[in-house]
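1. Sequence plus predicted model, see below.
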Protein chains: 2
Amino acid sequence: MKEPTTRQKKILDYIRDFISEHDYPPSIRDIQLGCNVSSTSVVDYNLRALERLGYLRRDREVSRAIELTAAGGKRPRTMAVPIVGQIAAGQPIPVPDTDEFPNPDYSDAIEITEEMTGGREGLFALRVKGVSMIDALINDGDIVVMEPAKTADEGDMVAVWLKEEEEVTLKHFHHEGDKIRLQPANSTMPPIYTAPDNVEIQGKVVCAIRPMR
Amino acid sequence: MKEPTTRQKKILDYIRDFISEHDYPPSIRDIQLGCNVSSTSVVDYNLRALERLGYLRRDREVSRAIELTAAGGKRPRTMAVPIVGQIAAGQPIPVPDTDEFPNPDYSDAIEITEEMTGGREGLFALRVKGVSMIDALINDGDIVVMEPAKTADEGDMVAVWLKEEEEVTLKHFHHEGDKIRLQPANSTMPPIYTAPDNVEIQGKVVCAIRPMR
DNA sequence: TAGTTAATGGAACGCTTGTTCGAATTAAGT
DNA sequence: ACTTAATTCGAACAAGCGTTCCATTAACTA
């Protein structure tokens, strides 16, 4: 792709900054002033060039209808993941009813970039209570983002409810013969071997986040 | 806070959807058409009400200058944190030269919501190499977001370079008498006691993120 | 040197859009 | 029933704003 000129780069940066600050795009005359361009027609000229190069999109005849594309540095999309409850060793995790979406109105939520979610839908988050997940390298207060799931692929990190032990745990999921091997993320810790009908997969772990207070 | 009326809720939803679709806010007449309102003045009237209620902000006399606030469902702000290198036990962490900002043009970056950064500036991120940070409950491949710092407050989790041992470690920082106590996040692990002139603080850990492949 | 294309300036035109005003309608309170 | 406030309407005004046209300058090519 052909590179934008110095002036076009400047305009692109200005649009980026303007949107970041105002949450709405600049007008042509805003750009004119902000980039020391002498005429609106020059701005229009360069915007057309940038549009042709694929850095932005415009709705003609509509004021401020400038939309930056990915190449132009579009703001990444995020999604609000509701924090639906806690996860602790002694109780199954609360999996939200997907029918209730999209208006669960939970008290708290966390924003995750699409980069993290990988486009997955229906995610929910749990706040870790206690240090029982320490072998998954997950601490008290951490937040785990989960995807509802009943089954898992080899190696997925999942939240499983162990029926016999009556506890939930976060482990990497593996088949091993006619048993299930649940491997802690901390590879120095020993795995758990158990029968398939003792494990109930409650969700896949999408990512874990540890905010420092 | 007083609740918006049915019509105002409808307008709010319309604005949200419009921005989500177009990446720029609607004009008053867009809202008029989209919400089946008979007059632009009614839209203006209700926008004023919504503004007074704190659901949005407007720049007067500027077209499409509608900005949704948090209450109104504003898209959260994010910042791109450059991944400037790796963190491993055997080498000091690469702290970026803050003078180079804001155009380091690193190959990779991670988007963090302002909710995480707490408004902090100049952050950088490191990819963890190896399992040497396991006592900080941080695994191989995790990403730690850091804030440049030469000093730390009690309890902060910091990246410290231990001169004598010639290694970097992530610990909670505490003063204890004339010594420094470096406490692992995993409270079952023993702390390190060392002399103040043996520790060189390289940055504060803002948060840790573990994407699942 | 002449000719072509890219880039810039300046100005004016006309649609877009926020604003305002008076009046009508409805809701709420006394 | 009367008053007052809250909403809605329709219309018109004025500033905002994208567009267009023409002239000018610079860079490149034949």
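-> Yep, that arrived.
2. Is the lengthiest helix in chain A positioned near DNA strand D?
-> In chain A, assigned by DSSP state H, the helix with the most residues is helix A:6-22. No. Counting by CB under 7 Å from any atom of the strand, DNA strand D has no neighbours in helix A:6-22; the shortest distance is 10.8 Å. Placement of C-beta: from N, CA and C, glycine included.
3. Would you mind listing the buried residues in that helix?
-> Buried positions in helix A:6-22, judged by neighbour count with 16 or more other CB atoms under 10 Å in any protein chain shown: A:7, A:8, A:10, A:11, A:12, A:14, A:15, A:18, A:19, A:22.
4. do stretch A:54-67 as well
-> Within stretch A:54-67, the residues that qualify as buried are A:55, A:56, A:57, A:58, A:64, A:65, A:66, A:67, counting by 16+ other CB under 10 Å.
5. And the residues you listed, which two are furthest apart?
-> The most widely separated members of those, counting by CB to CB, are A:55 and A:64 (16.8 Å).
6. What distance do you get for residue A:132 to residue B:145?
-> Between residue A:132 and residue B:145 the computed distance is 26 Å (CB to CB, to the nearest Å).
7. swap that for residue A:34, please
-> Distance, residue A:34 to residue B:145, by CB to CB: 31 Å.
8. Between those two, tell me which one has more neighbours.
-> Shown here are residue A:34 and residue B:145; by other CB atoms under 10 Å in any protein chain shown, residue B:145 has more neighbours (24 against 17).
9. how is chain A carved up into domains?
-> Annotated domains of chain A cover A:6-68, A:78-209 [automatic domain parsing].
10. Would you reformat those domains as TSV and include mean pLDDT and distance to chain B?
-> Formatted as TSV, those follow (pLDDT from 0 to 100; distance: least, CB to the nearest CB, whole Å):
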stretch	mean pLDDT	distance to chain B
domain A:6-68	84	4
domain A:78-209	83	4
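11. Just send these back as a markdown table, with distance to residue B:199 too.
-> Listed next are these as a markdown table, based on distance: least, CB to CB, whole Å:
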| stretch | distance to residue B:199 |
| --- | --- |
| domain A:6-68 | 38 |
| domain A:78-209 | 23 |
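12. which parts of chain A sit against DNA strand C?
-> So chain A meets DNA strand C at A:5, A:7, A:37-42, A:45-46, A:49, A:61-63 (CB under 7 Å from any atom of the strand).
13. Can I get these in JSON lines including secondary structure?
-> Formatted as JSON lines, those follow (DSSP: H, G, I helix; E, B strand; the rest coil):
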{"residue": "A:5", "secondary structure": "coil"}
{"residue": "A:7", "secondary structure": "helix"}
{"residue": "A:37", "secondary structure": "coil"}
{"residue": "A:38", "secondary structure": "coil"}
{"residue": "A:39", "secondary structure": "coil"}
{"residue": "A:40", "secondary structure": "helix"}
{"residue": "A:41", "secondary structure": "helix"}
{"residue": "A:42", "secondary structure": "helix"}
{"residue": "A:45", "secondary structure": "helix"}
{"residue": "A:46", "secondary structure": "helix"}
{"residue": "A:49", "secondary structure": "helix"}
{"residue": "A:61", "secondary structure": "coil"}
{"residue": "A:62", "secondary structure": "coil"}
{"residue": "A:63", "secondary structure": "coil"}
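14. And those residues, which is closest to residue A:178?
-> Of these, the one sitting nearest to residue A:178 (CB to CB) turns out to be residue A:62, at 63.7 Å.
15. Leaving out sequence neighbours, find the closest residue to the residue sitting furthest away from the middle of chain A.
-> Farthest-out residue of chain A from its mean C-alpha position, per CA atoms, centre = their mean: residue A:38, at 42.2 Å. Spatially, and ignoring its direct neighbours in sequence, residue A:38 is nearest to residue A:32 (7.8 Å; CB to CB, 6 or more residues apart in numbering or on different chains).
16. May I ask you to confirm that the one you found belongs to a helix?
-> Yes. Judged by three-state DSSP, residue A:32 forms part of a helix.
17. What about it, how many residues nearby?
-> If you count neighbours by other CB under 10 Å, residue A:32 ends up with 19.
18. helices or strands up against the longest strand along chain A?
-> Longest strand in chain A by number of residues, with DSSP state E as the criterion: strand A:199-211. Counting by 3 or more CB pairs under 8 Å, 6 or more residues apart in numbering or on different chains; DSSP states H and E, the packing neighbours recorded for strand A:199-211 are helix A:114-117, strand A:143-148, strand A:157-162, strand A:167-176, strand B:199-211.
19. mind running it again at 6 Å?
-> In terms of contacts (3 or more CB pairs under 6 Å, 6 or more residues apart in numbering or on different chains; DSSP states H and E), strand A:199-211 is packed against strand A:143-148, strand A:157-162, strand B:199-211.
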